[in-house]
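Novice: what shape does this take:
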Amino acid sequence: MKIGIFWRKFRNVEQQMKLKPDETYDDAYEEARHHYGALKNAGYDVCMLEWKKDPMETWKDIERENVDMIFNVSSTKELAFLETFGIPYVGSGIDLVPLNKAIRKEIIAYNGLHTSKFVIVKDADKIPRIDLKYPLFVKPISGRGSAGIDEENIIYKYEDLPRVVRKITEDIGQAALIEEFIEGREITVGVIGYYDPIVLPIVEIGYNSAKTNTFEHKMYDNEIITCPAKFSSEKEKEIKDAALSIYKALNAKDYSRIDMIVGKDGIPYFLEINTFAGLTMDSRKDKDGNIEIHHGYMGYSAKAQGMAPSEFLGAILESAIERYGLCLDE
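Specialist: Prediction:
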């Protein structure tokens with residue numbers, strides 16, 4: 001069986017580049033190389049496949065390499081391509097990935113799980129009086145990689161909303177999701193598998209001279225990471241059970257990461273699911289001190305679970321192989 005690592009330049013930072021094009025680095029290739037090396041060490045026949053602007057060129061590459069399955073380290077449009085051509089792939093599908101944050105939150109609430117109240121605004125000049133508790137938090141409805149997130153996104157009074165909403169609607173080009181800001185402990189929980197998913201150790205994200213997990217804070221590895229997070233055994237079970245319920249309610253496949261806030265009331269509130277969660281297990285800088293690849297949150301979880309990169313990436317791939325009913329010796 002041959003595995004193709006699908007990757008695309010700027011796949012995780014396209015939205016942030018609209019705001020700060022000269023201050024945004026791209027580690028898409030290095031991330032894909034990490035996965036390539038891990039799966040090669042796991043014994044798989046692997047190749048790198050760069051997504052081309054012309055999908056037919058990509059199709060020719062897949063045919064030439066005689067690839068059986070794609071490990072999609074790319075984005076949504078590639079899923080439509082893979083579905084159209086009937087190519088097996090690792091990860092969640094077009095039933096989940098294209099859904100915006102609002103729809104995901106509605107599904108979670110419908111299933112009786114906790115998430116903050118929210119409204120959607122498409123025009124900074126037409127913001128209604130909002131019946132939500134302050135402070136509020138504003139983010140792109142289909143944001144990725146903490147794009148457009150900095151401390152001004154925490155809103156303490158109505159008059160501050162238009163400036164931040166405009167940044168999202170006009171500069172990024174998306175509707176703004178405005179939700180109640182839950183104060184508490186920010187955590188993220190990785191899950192691997194499909195038929196019998198495994199919940200990895202909880203990661204707690206502390207802020208280093210910041211009030212929230214901004215793009216720079218996250219992508220430049222400035223967080224204070226605690227993994228496993230320090231919770232009582234009862235609370236740990238509650239959090240992991242909630243993460244698993246969210247994973248299943250959204251029909252996530254093979255791997256995902258669920259972001260939550262454990263509020264001051266002790267309740268874990270759903271923030272978002274990351275279907276293209278970072279899986280890297282290392283952080284590296286070049287000789288000038290510029291970061292080349294940042295450490296994935298699920299990578300921290302895998303380390304805490306005692307997994308090597310080959311075992312970690314291999315477990316994700318094996319979930320997809322099982323889900324498709326394929327044989328390793330094909």
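
Novice: verify the stated contact: Ile107 with Ala249.
Specialist: Yes: between Ile107 and Ala249 there is a contact at 6.1 Å, judged by CB atoms under 8 Å. Any C-beta I mention is one placed from the backbone N, CA and C, and that applies to glycine too.

Novice: quick one: Ile127 and Thr169, what's the gap?
Specialist: Distance, Ile127 to Thr169, by CB to CB, to the nearest Å: 10 Å.

Novice: quick one: distance of the helix or strand harbouring Lys237 to the chain centre.
Specialist: If you go by DSSP states H and E, Lys237 is part of helix 233-249. Relative to the chain's own centre, helix 233-249 is displaced by 18 Å; criterion: CA atoms, centre = their mean, to the nearest Å.

Novice: mind listing what's buried along it?
Specialist: Under the neighbour-count criterion of 16 or more other CB atoms under 10 Å, helix 233-249 has Glu236, Glu238, Ile239, Lys240, Ala242, Ala243, Leu244, Ser245, Ile246, Tyr247, Ala249 buried.

Novice: what sits against the fourth one?
Specialist: Right, Lys240. When contacts are counted by CB atoms under 8 Å, 6 or more residues apart in numbering, Lys240 touches Val189, Val199, Ile202.

Novice: strands - which of the residues you listed land there?
Specialist: Per DSSP state E, strands hold the following members of those: Val189, Val199.

Novice: looking at the contacts of Lys240, spot the one nearest Ser256.
Specialist: Nearest to Ser256 among the contacts of Lys240: Val189, at 9.4 Å, using CB to CB.

Novice: now find how far off-centre stretch 301-316 is within its chain.
Specialist: With CA atoms, centre = their mean as the basis, stretch 301-316 stands 17 Å off its chain's centre.

Novice: averaged pLDDT, that stretch. What do you get?
Specialist: For stretch 301-316, mean pLDDT rounds to 97.

Novice: and stretch 204-220, by the same measure?
Specialist: So the average pLDDT for stretch 204-220 ends up being 61.

Novice: which residues touch the most centrally placed residue in the chain?
Specialist: Centroid-nearest residue in the chain, with CA atoms, centre = their mean: Asn274, separated by 2.8 Å. Asn274 makes contacts with Thr188, Ser256, Arg257, Ile258, Asp259, as judged by CB under 8 Å, 6+ apart.
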